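K.L.:
coords please:
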Amino acid sequence: MARVVDLTGENLTRQRRKERNYGTKTDLSSTSVERGNTHWAEGSNVNIDGFLGVAGTQRVTGLLDVTGTFNGSGTNNLDGTNNLSGDNNLTGPTEISGSLDVTGPTNLDGVLTINGDTTITGMLAVDGPTTISGTLDIEGATTVAADLELIAGGLLKAGVTKIEPTGKATFGTVIIDPASTRMIQSPSGWLTANGADSVGLSSSNTSSVNLNGTYADLNYAGTSRVVARAGAIDLAATTVNVSGALKVAGRTDLDGSIYLNAALIQITPSTPTIASPPNLFMSASGRLYRSTWTPPA
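P.N.:
The predicted structure follows:
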């Protein structure tokens, strides 16, 4: 059985005082310390050329300088400032609760989870798909070089402009809605679509124009109306004013009363004549007068 050395005895206590005062050098080929302490005085160096195995807790209060490879397979809790100047490969889960300053290129091949606020002052280049589940606030200029797609439930807003996924777009007081009969609507009027071959233009409360495969209708407040249909034009109004010359090439049927306000009416010689006393009398100069003669009963 190996001899056990008592490191708590009086001799070792005196030896420690000597080490603190003068320092000593002892070559140890094989040493076992049980329930004791080993103190290396200030200015001492401990060189281990072989393997150092620490099964318990290791505490370093000063500088820990590692020039070779540092492998840590367990949890690493780093509470202070950590300056990593070389290549650093983090293959497992890593939690950083303090400030992380990275000045060189950084490659992240795994999942990066950031629970706190993150500020990026330089350029952020993302080559793969990007999913943002929360709110995205962009204060600077934004350039989109490819397509911008808003899926169901999305809304694009820019001031008084809104574009909805349904196709409805609002530009201030102007609304474009393909799903509505009023495709384009403004405070002064709207453009309507009632079918594949029907389109109309209406003012806010007075006039309308409707075009389809059967007729073209111009309507003013229901009091004056012009309808162009196959082979005919219908005029419906209290008064129809013609300021220029009116030329009629075909037959003219007049069902109502006729009022002639012109000072002179010229009748061509081909006008039919009758022997009875007339209601209208034309003088030799071509003037037409209304006669006071009435035909007998």
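K.L.:
all helices of the protein, in order?
P.N.:
Along the chain, counting by DSSP state H, helices occupy 10-21.
K.L.:
what stretches of it score poorly on pLDDT?
P.N.:
1-9, 11-12, 15-16, 18-29, 92, 98, 254, 256-284, 286-297 (pLDDT under 70).
K.L.:
Strands of the chain, residue ranges please.
P.N.:
In the chain, the strands defined using DSSP state E lie at 156-158, 161-163, 169-171, 174-176, 182-186, 189-195, 198-203, 207-212, 215-220, 224-229, 232-236, 280-282, 288-290.
K.L.:
a markdown table for the ones you listed, including distance to Ser73 and mean neighbour count?
P.N.:
Backbone N, C-alpha and C define where each C-beta goes, glycine included. Putting the strands of the chain into a markdown table (distance: least, C-beta to C-beta, whole Å; neighbours: other C-beta atoms under 10 Å) gives the following:
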| stretch | distance to Ser73 | mean neighbour count |
| --- | --- | --- |
| strand 156-158 | 50 | 10 |
| strand 161-163 | 54 | 15 |
| strand 169-171 | 58 | 15 |
| strand 174-176 | 63 | 16 |
| strand 182-186 | 68 | 17 |
| strand 189-195 | 71 | 15 |
| strand 198-203 | 75 | 16 |
| strand 207-212 | 80 | 16 |
| strand 215-220 | 85 | 15 |
| strand 224-229 | 90 | 14 |
| strand 232-236 | 95 | 10 |
| strand 280-282 | 124 | 13 |
| strand 288-290 | 123 | 12 |
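K.L.:
Which of these sits closest to Asn107?
P.N.:
strand 156-158 (34.3 Å; C-beta to C-beta).
K.L.:
Given that closest one, what are its sheet partners and their directions?
P.N.:
Strands adjacent to strand 156-158 in the sheet, as given by DSSP bridges, are strand 161-163 (antiparallel).
K.L.:
Figure out how far the partner strand is from the centre of its chain.
P.N.:
Between the centre of strand 161-163 and the centre of its chain there are 9 Å (C-alpha atoms, centre = their mean, to the nearest Å).
K.L.:
Show residues contacting it.
P.N.:
Strand 161-163 has contacts (C-beta atoms under 8 Å, 6 or more residues apart in numbering) with Leu150, Leu155, Leu156, Ala169, Thr170, Phe171, Gly172.
K.L.:
residue contacts, the third one?
P.N.:
Read it as Leu156. Counting by C-beta under 8 Å, 6+ apart, Leu156 has contacts Leu150, Lys162, Ile163, Glu164.
K.L.:
Of the contacts of strand 161-163, which is the nearest to Asp197?
P.N.:
Out of those, the member with the shortest distance to Asp197 (by C-beta to C-beta) is Ala169, at 24.7 Å.
K.L.:
OK, contacts around that closest one?
P.N.:
Per C-beta under 8 Å, 6+ apart, neighbours of Ala169: Thr161, Lys162, Ile163, Ile175, Ile176, Asp177.
K.L.:
rerun that using 7 Å as the cut-off
P.N.:
Ala169 makes contact with Lys162, Ile163, Ile176 under the criterion C-beta atoms under 7 Å, 6 or more residues apart in numbering.
K.L.:
from the contacts of strand 161-163, which single one is nearest Val248?
P.N.:
Checking these against Val248 with C-beta to C-beta, the nearest one is Phe171 at 48.9 Å.
K.L.:
ok, for that closest one, nearest residue in space, not its chain neighbours?
P.N.:
The shortest distance from Phe171 to any non-neighbouring residue, by C-beta to C-beta, 6 or more residues apart in numbering, is to Thr161 (5.4 Å).
K.L.:
Same check on Ser208?
P.N.:
Using C-beta to C-beta, 6+ apart and skipping the chain neighbours, the partner closest in space to Ser208 is Ser202 (4.1 Å).
K.L.:
Run through the residues that contact that neighbour.
P.N.:
Contacts for Ser202 (C-beta under 7 Å, 6+ apart) come out as Gly189, Trp190, Thr192, Ser208.
K.L.:
Can you name the residues bridging to it?
P.N.:
Judged by DSSP bridges, the bridge partners of Ser202 are Trp190, Ser208.
K.L.:
how near is it to Ala179?
P.N.:
Using C-beta to C-beta, to the nearest Å, we find Ser202 at a distance of 18 Å from Ala179.
K.L.:
This completes my enquiry, with thanks.
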